[in-house]
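*Asks:* the following block contains a protein sequence and its predicted model.
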Amino acid sequence: MARTVIMDHPLIQHKIGYIRRTDTGTKSFRETISEIATLICYEATRDLQLSDVKIQTPICETTVKELKGKKMAIVPILRAGLGMVDGMLTLIPAAKIGHIGLYRDPKTLKPVEYYCKLPADCAEREVFVVDPMLATGGSSIAAIQMLKERGCKNIRFLCIIAAPEGVKAMQEAHPDVDMYIGSLDEKLNDHGYIVPGLGDAGDRIFGTK
Ligand SMILES: O=P(O)(O)OC[C@H]1O[C@H](OP(=O)(O)OP(=O)(O)O)[C@H](O)[C@@H]1O
Ligand SMILES: O=c1cc[nH]c(=O)[nH]1
Ligand SMILES: [Mg+2]
C-alpha cells in the first residue's frame with residue numbers, strides 16, 4: 001500500500017483555515033490555493049532520488065547532490081486543479097504539464113470526461129496529479145485510470161482537502177499511488193460536498209458563482 005500523508009505543517013493549516021472562510025474573495029482564494037500547492041509540493045517531493053555530482057566552486061572541487069530520478073509532469077484535473085499548477089511550478093519549474101478534463105455530474109456525482117492532453121513522454125515521467133478537492137474520489141480515480149491506460153506508472157496525487165470516503169475509495173482503486181493531503185475533513189454531505197470543506201473549489205478559484 002502506498003503512503004497517505006496528511007499535512008501537519010502550521011503554515012499549511014493556517015492557509016487552509018483562511019480559504020475555508022466564506023468571506024475570502026476570489027483573488028485571495030486563488031493566491032492562497034497556489035501557496036498551499038507549493039507547500040504540499042515541498043512535502044510530496046521529499047523522497048525524490050539524488051545523485052552525487054562533482055563540480056567546481058570558486059574555491060575548490062566538491063561533490064554536490066542533484067536530482068537524478070525521472071523527469072516530472074504535473075497533471076491538473078480541470079478546472080480546479082489548474083489553481084495548483086503555478087504553485088507546483090514554483091518548486092519544479094522544468095516539469096511538463098498535462099491536462100485532464102473531468103467534471104462531476106451534479107446528480108449522479110459520477111465524473112464525466114471531456115479532455116485529455118498529456119506530454120508525449122508522460123509514461124516515463126514522475127506524475128503529480130493535482131486537484132484541490134477529493135470528495136467521493138470519483139474524479140481522481142478516473143483521472144489516474146486515464147493516466148495508467150496511457151502507460152504512466154509513477155503517480156502521486158496531491159489535494160488540499162479530502163473526505164474520508166474519497167481517501168478510502170482512492171486507496172482501494174489505486175493502492176500504488178501516494179497521496180498528499182492538506183487536510184482530512186469530517187465527511188461528505190448529502191450533495192457530495194466536503195464538510196466543513198470550502199464549497200466549490202472551481203467556482204471559488206475562477207469566480208463563477
Ligand atoms: O471526488 P469527487 O466526488 O469526484 O469530487 C471532486 C471533484 O469535484 C470538483 O470538480 P468539479 O466537478 O466541481 O469541476 P470543476 O473543477 O470544473 O469545478 C473537484 O475539483 C474535483 O475534481
Ligand atoms: O466539497 C466539494 C466537493 C467536490 N468539489 C468541490 O469543489 N467541493
Ligand atoms: Mg467545481
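*Replies:* The structure has been received and is ready for your questions. Ligands and ions are numbered 1, 2, ... in the order given.
*Asks:* could you pull out the strands for this structure?
*Replies:* 4-6, 50-56, 61-67, 72-78, 96-97, 99-104, 111-117, 126-130, 133-134, 154-162, 178-184, 187-188, 194-195 (DSSP state E).
*Asks:* residue contacts, the residue of the chain found nearest ligand 1?
*Replies:* Ranked by C-beta to the nearest ligand atom, the top residue of the chain for proximity to ligand 1 is residue 202, at 2.3 Å. No exception for glycine: its C-beta is placed from N, CA and C like everyone else's. The contact partners of residue 202, taken as C-beta atoms under 8 Å, 6 or more residues apart in numbering, are 79-80, 208.
*Asks:* bridged to residue 51, which residues?
*Replies:* Beta-bridge partners recorded for residue 51 (DSSP bridges): residue 66.
*Asks:* buried sites along the helix ranked longest in the chain?
*Replies:* In the chain, with assignment by DSSP state H, the single longest helix is helix 26-44. Residues of helix 26-44 classed as buried under the neighbour-count rule (16 or more other C-beta atoms under 10 Å) are 29-41, 43-44.
*Asks:* could I have the buried ones of the contacts of residue 202 as ChimeraX selection syntax?
*Replies:* ChimeraX command restricting those to the buried ones, with burial defined by 16+ other C-beta under 10 Å:
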select :79,80
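*Asks:* rebuild the contacts of residue 202 as JSON lines, extending it with distance to ligand 2 and pLDDT.
*Replies:* Formatted as JSON lines, those follow (distance: C-beta to the nearest ligand atom, whole Å; pLDDT from 0 to 100):
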{"residue": "79", "distance to ligand 2": "10", "pLDDT": "97"}
{"residue": "80", "distance to ligand 2": "6", "pLDDT": "98"}
{"residue": "208", "distance to ligand 2": "11", "pLDDT": "97"}
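*Asks:* about what we covered before: can you dump the C-alpha atoms of the longest helix of the chain in PDB for me?
*Replies:* Extracted as PDB, the C-alpha positions of helix 26-44 are listed here (Å, rounded to 0.1, in the frame of the first residue of the first chain):
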ATOM      1  CA  THR A  26     -11.600  35.200  -5.400                       C
ATOM      2  CA  LYS A  27      -8.200  36.900  -5.600                       C
ATOM      3  CA  SER A  28      -7.100  35.900  -2.100                       C
ATOM      4  CA  PHE A  29      -8.600  32.400  -2.500                       C
ATOM      5  CA  ARG A  30      -6.700  31.800  -5.800                       C
ATOM      6  CA  GLU A  31      -3.400  33.200  -4.400                       C
ATOM      7  CA  THR A  32      -3.600  31.100  -1.300                       C
ATOM      8  CA  ILE A  33      -4.500  27.900  -3.200                       C
ATOM      9  CA  SER A  34      -1.300  28.500  -5.100                       C
ATOM     10  CA  GLU A  35       0.800  29.000  -1.900                       C
ATOM     11  CA  ILE A  36      -0.700  25.800  -0.400                       C
ATOM     12  CA  ALA A  37       0.200  23.900  -3.500                       C
ATOM     13  CA  THR A  38       3.800  25.000  -3.200                       C
ATOM     14  CA  LEU A  39       3.900  23.800   0.400                       C
ATOM     15  CA  ILE A  40       2.300  20.400  -0.400                       C
ATOM     16  CA  CYS A  41       4.700  20.000  -3.300                       C
ATOM     17  CA  TYR A  42       7.600  20.500  -1.000                       C
ATOM     18  CA  GLU A  43       6.300  17.600   1.200                       C
ATOM     19  CA  ALA A  44       5.400  15.400  -1.800                       C
END
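*Asks:* fine by me, thanks again.
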